[in-house]
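Colleague: sharing a model that was predicted from the sequence below.
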Amino acid sequence: MTVPGFFGKYSLEKSIKKIFYDYGYGVSALNLIESIGAVSEKLGFKSFLIGGFPRDVLIYILKSHAESAGYYKSSKVFNDCSGFLDLDVAVEGGSEKLVSAVKNDKNLKSLLNSLNMHERFGTALAEFYVSGKPLKIDFASLRTEIYIKSGMLPEVNTSSATLEKDIARRDFTVNTVAFSVNPSNFLEITSYSSGIEDILNKKIKILHELSFIDDPTRIFRAVRFEKRLDFHIDRGTLKLLKEALAQKALDNVSGKRITAELYILLKEKNPEIYFERLDKLSVLSSINPNLRFLKKNRIIIKRINRYFGEAKNFKILNEIFKNTHEGKKLFYLAGIFYGLNGNELKEVSERLRLGKPVEEYLKKLLFIDRDEIDSLKNDYKGDNAVGLYKNFNKIEGKSLLFYLFQHEDEKKADLIFRKIVVRYLEKSVSEKPFLNGGDIKAMGICEGPVCGIILNEIKSLKAAGKLKNKADEIKYVESQYLKNIKKN
């Protein structure tokens, strides 16, 4: 296909420079790419930027062009410039030899921070530091692939592959556009498939009829690109996707590989739209017949997303989770699995190979004792928060938080109770006891679990505003515990 004029070298270079500047790399990143190309050409190799980066650069240009800006305004490309870029370089001639030469190049080795080789697939993951930020480049030898069995990793041959043959084994046409990095034809576009045409027509299209059978995880990627780019899955591709599901192609894929794809979707800005599409296509029910993504799941996911995105909640989140990012991911999983009963959760967990620790974590979120919550509601009288806060200490903070996401828009009495839960979580973070276990033990009290009980009581009383300072805490311990010890 003829390359449109607004995809010319000047436009490409200008846009790539702008993108690199937005990410904080400046012109140094483009210099790095040019230097890698120079090493490639010196070896007699041909190297290309390929995959997601060229695709998104072309969309970026279309978003910037007056005639096409409106059509592509919803495409999410290069939105989070606070992160870092991850590029793919395809090498005709051997990635190992090119990476070895890059590693020894006097201008490049000082920028190279880490390097991991994967000989089986002819790939190498390099991390460079450019302007103080990591820039990851995944080098891969051009290759052909043979899928011996559906859903399994392919057999790879890198001995005589050309760019045209390499492109033929890729997932979607929009990911097949390549930019040369060699100096003799720097940023020249190569497109052997309908990649550019399908970008212009906003189509997600596979390259051959067995694509979803060979690698059924492409089903998840089709949805990811469709929603992130605001494209649409091509009619023929959609038919083949549904046929692959009907043939139970996902049964051939390991739980870990499916989970990896789900986790990638959870990193998207609005994950609910991806899971709604998976549900509509019956992808989730292909994983497990009971797994659905309904209105209630969408509501909870949106609430989780909003809560974790508000700066005012950071203290609570940091207190509840040792790793807030990991906590958010597990909350998302709970939102997706909301509506499953205990046996169904166990089945889904086993299929996805989530592991016992994750399954137990999800149980604590999804199956909080409703009778215990109802009892707390019934026992609450006026400002008698002390007893309520003491009982809250019996329930983990993360379970209370997930309870809030389930019951945000309920009747007035529940909203009042919700405010009390929020106040408790806030105070439990900001108002720590002055005394610690060592202080209580020094008073001659702490024996076994008693110390923890006392600290929890102090925490509850502080949250309720009954203990103001360290003197109050000491007085409380003495009056409630030391007196009894002396009597005995």
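Modeller: Yes, it's here. Residues are numbered from 1 along each chain as shown.

Colleague: where does the stretch 1-150 of the chain dip in pLDDT?
Modeller: 1-4, 120-121, 144-150 (pLDDT under 70).

Colleague: ok, which stretches of it are strands?
Modeller: For the stretch 1-150 of the chain, the strands defined by DSSP state E, counting those that start in this stretch cover 46-50, 86-92, 112-118, 123-130, 133-141, 144-146.

Colleague: turn these into JSON lines, columns for distance to Phe293.
Modeller: Placement of C-beta: from N, CA and C, glycine included. Output for the strands of the stretch 1-150 of the chain, formatted as JSON lines (distance: least, CB to CB, whole Å):
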{"stretch": "strand 46-50", "distance to Phe293": "33"}
{"stretch": "strand 86-92", "distance to Phe293": "28"}
{"stretch": "strand 112-118", "distance to Phe293": "34"}
{"stretch": "strand 123-130", "distance to Phe293": "33"}
{"stretch": "strand 133-141", "distance to Phe293": "31"}
{"stretch": "strand 144-146", "distance to Phe293": "32"}
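
Colleague: select, out of those strands, the one closest to Glu473.
Modeller: strand 133-141 (46.7 Å; CB to CB).

Colleague: could I get the full set of helices for the stretch 51-200 of the chain?
Modeller: With helices called from DSSP state H, counting those that start in this stretch, the stretch 51-200 of the chain shows them at 52-64, 69-72, 95-104, 163-168, 195-200.

Colleague: okay but Leu12 is in contact with Phe53, surely?
Modeller: No - Leu12 is beyond contact range of Phe53, at 11.3 Å (criterion: CB atoms under 8 Å).

Colleague: if we can go back for a sec, can you say which of the strands of the stretch 1-150 of the chain is packed in most?
Modeller: strand 46-50 (a mean of 24; mean count of other CB atoms under 10 Å).

Colleague: list the neighbouring strands of that one plus their orientation.
Modeller: Take DSSP bridges as the rule and strand 46-50 pairs in its sheet with strand 86-92 (antiparallel), strand 178-180 (antiparallel).

Colleague: for Glu319, find the nearest of those strands.
Modeller: The nearest among the strands paired with strand 46-50, by CB to CB, is strand 86-92 at 32.2 Å.

Colleague: now the closest one against strand 123-130, angle please.
Modeller: Using axes from the mean of the first three to the mean of the last three CA atoms, to 10 degrees, the inter-axis angle of strand 86-92 relative to strand 123-130 is 130 degrees.

Colleague: thinking again about what came up before, mean neighbour count and distance to Ala246 for the helices of the stretch 51-200 of the chain - can I get that in a markdown table?
Modeller: As requested, the helices of the stretch 51-200 of the chain are exported to a markdown table (neighbours: other CB atoms under 10 Å; distance: least, CB to CB, whole Å):
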| stretch | mean neighbour count | distance to Ala246 |
| --- | --- | --- |
| helix 52-64 | 21 | 29 |
| helix 69-72 | 14 | 33 |
| helix 95-104 | 19 | 38 |
| helix 163-168 | 18 | 26 |
| helix 195-200 | 22 | 25 |
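
Colleague: between the ones you listed, which gets nearest to Asn341?
Modeller: helix 52-64 (39.2 Å).

Colleague: other residues contacting whichever strand or helix holds Glu350?
Modeller: Glu350 belongs to helix 342-351 when assigned by DSSP states H and E. By CB atoms under 8 Å, 6 or more residues apart in numbering, the list of residues contacting helix 342-351 from outside reads 255, 258, 287-288, 290-291, 337, 340, 355, 358-359, 362-363, 366-367.

Colleague: just the ones of the residues you listed in helices?
Modeller: Gly255, Ile258, Ile287, Phe337, Val358, Glu359, Leu362, Lys363, Leu366 (DSSP state H).

Colleague: re the thing from before, output the helix holding Glu350 as PDB, nothing but the C-alphas.
Modeller: Extracted in PDB, the C-alpha atoms of helix 342-351 (Å, rounded to 0.1, in the frame of the first residue of the first chain):
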ATOM      1  CA  GLY A 342     -17.300 -20.200  47.500                       C
ATOM      2  CA  ASN A 343     -17.200 -23.300  45.300                       C
ATOM      3  CA  GLU A 344     -17.300 -21.300  42.100                       C
ATOM      4  CA  LEU A 345     -14.500 -19.100  43.300                       C
ATOM      5  CA  LYS A 346     -12.400 -22.200  44.100                       C
ATOM      6  CA  GLU A 347     -13.000 -23.600  40.600                       C
ATOM      7  CA  VAL A 348     -12.100 -20.300  38.900                       C
ATOM      8  CA  SER A 349      -9.000 -19.900  41.100                       C
ATOM      9  CA  GLU A 350      -7.800 -23.500  40.200                       C
ATOM     10  CA  ARG A 351      -8.400 -22.900  36.500                       C
END
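
Colleague: that one versus helix 356-366: what angle between them?
Modeller: Using the same axes, to 10 degrees, helix 342-351 lies at 150 degrees relative to helix 356-366.

Colleague: touching, Lys256 and Gly355? I think so.
Modeller: No - counting by CB under 8 Å, Lys256 sits too far from Gly355 to count as a contact (9.8 Å).

Colleague: isn't Leu404 right next to Val422, touching?
Modeller: Yes - shown here, Leu404 and Val422 form a contact pair, counting by CB under 8 Å, at 7.0 Å.

Colleague: so the closest residue in space to Met117 that isn't next to it in sequence bridges to which residues?
Modeller: Nearest non-adjacent residue to Met117, counting by CB to CB, 6 or more residues apart in numbering: Ala124, 4.8 Å away. Note on Ala124: beta-bridge partners by DSSP bridges are Met117, Phe139.

Colleague: you'd agree Ala124 is up against Ser114?
Modeller: No - between Ala124 and Ser114 there is no contact under CB under 8 Å: 10.6 Å.

Colleague: on that earlier part again, in the helix holding Glu350, what's buried?
Modeller: Buried positions in helix 342-351, judged by neighbour count with 16 or more other CB atoms under 10 Å: Leu345, Glu347, Val348, Ser349, Arg351.
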